[in-house]
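K.L.:
Sequence first, then the predicted structure:
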Amino acid sequence: MIKAILIFNNHGKPRLIRFYQYFAEDMQQQIIRETFHLVSKRDDNVCNFLEGGSLIGGSDYKLIYRHYATLYFVFCVDSSESELGILDLIQVFVETLDKCFENVCELDLIFHMDKVHYILQEVVMGGMVLETNMNEIVAQVEVQNRMENRFIFLSSV
């Protein structure tokens with residue numbers, strides 16, 4: 001099961017945080033800091049899997065991450081998840097963001113947070129993977145966009 005999804009930039013500034021297991025807010029902040037320190041000090045040519053830090057549950061949890069340009073995409077999962085499956089899920093999520101935002105960047109995550117959360121909810125809900133087909137995810141996002149545009153049009157009339 002996925003316990004948390006964290007996206008932060010090269011400086012450790014969180015851009016998206018989603019915990020699927022309850023942690024107090026101060027514990028969440030410590031987990032974010034520890035996770036950033038664990039993944040940011042690793043070279044780009046080493047394995048993208050590592051054991052979870054001491055705060056998140058130790059050896060029963062794994063951190064699976066990818067570093068794209070200025071962003072780290074980190075999934076914290078328990079030992080029942082496949083490392084390669086989660087790595088592929090990160091790739092699907094990033095490619096979906098790229099399709100929806102046309103060459104996604106850090107600013108898209110900042111200024112379109114609601115859309116990013118909606119895309120994430122199409123992929124993962126409650127710590128369980130819902131959809132991995134990028135075309136299905138993009139189709140649902142387009143339906144949502146049409147509904148939003150229709151609502152804006154109707155409220156302006």
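P.N.:
Done, it's in.
K.L.:
what comes up buried for the longest helix anywhere in the chain?
P.N.:
Looking across the chain with DSSP state H, the single longest helix is helix 134-156. Judged by neighbour count (16 or more other C-beta atoms under 10 Å), helix 134-156 contains these buried residues: Met134, Ile137, Val138, Val141. The C-beta positions use only the backbone N, C-alpha and C, and glycine is treated the same way.
K.L.:
quick one: which of those is nearest to Val46?
P.N.:
Nearest to Val46 among the buried residues of helix 134-156: Met134, at 27.3 Å, using C-beta to C-beta.
K.L.:
wouldn't the closest one be in contact with Asp98 here?
P.N.:
No. Counting by C-beta atoms under 8 Å, Met134 stays clear of Asp98, with 9.6 Å between them.
K.L.:
still on that earlier bit, now the buried residues of helix 134-156 in TSV, with pLDDT?
P.N.:
Shown next, in TSV, are the buried residues of helix 134-156 (pLDDT from 0 to 100):
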residue	pLDDT
Met134	93
Ile137	94
Val138	93
Val141	92
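K.L.:
And for the longest helix of the chain, what's in contact with it?
P.N.:
Helix 134-156 is contacted from outside by Val92, Glu95, Thr96, Lys99, Cys100, Lys115, Tyr118, Ile119, Glu122, Val123, Glu131, using C-beta atoms under 8 Å, 6 or more residues apart in numbering.
K.L.:
Restricting to C-alpha, output that helix in PDB.
P.N.:
Taking Å, rounded to 0.1, in the frame of the first residue of the first chain, the C-alpha atoms of helix 134-156 are listed here in PDB:
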ATOM      1  CA  MET A 134      -2.500   7.300 -19.200                       C
ATOM      2  CA  ASN A 135      -5.100   7.700 -21.900                       C
ATOM      3  CA  GLU A 136      -7.900   6.900 -19.500                       C
ATOM      4  CA  ILE A 137      -6.500   9.400 -16.900                       C
ATOM      5  CA  VAL A 138      -6.200  12.200 -19.500                       C
ATOM      6  CA  ALA A 139      -9.700  11.500 -20.800                       C
ATOM      7  CA  GLN A 140     -11.100  11.900 -17.300                       C
ATOM      8  CA  VAL A 141      -9.200  15.100 -16.800                       C
ATOM      9  CA  GLU A 142     -10.600  16.400 -20.000                       C
ATOM     10  CA  VAL A 143     -14.100  15.500 -18.900                       C
ATOM     11  CA  GLN A 144     -13.500  17.400 -15.600                       C
ATOM     12  CA  ASN A 145     -12.100  20.400 -17.600                       C
ATOM     13  CA  ARG A 146     -15.300  20.500 -19.700                       C
ATOM     14  CA  MET A 147     -17.500  20.300 -16.600                       C
ATOM     15  CA  GLU A 148     -15.500  23.200 -15.100                       C
ATOM     16  CA  ASN A 149     -15.800  25.300 -18.200                       C
ATOM     17  CA  ARG A 150     -19.500  24.600 -18.500                       C
ATOM     18  CA  PHE A 151     -20.000  25.700 -14.800                       C
ATOM     19  CA  ILE A 152     -18.000  28.900 -15.400                       C
ATOM     20  CA  PHE A 153     -20.100  29.600 -18.500                       C
ATOM     21  CA  LEU A 154     -23.400  29.000 -16.700                       C
ATOM     22  CA  SER A 155     -22.400  31.100 -13.600                       C
ATOM     23  CA  SER A 156     -21.500  34.000 -15.800                       C
END
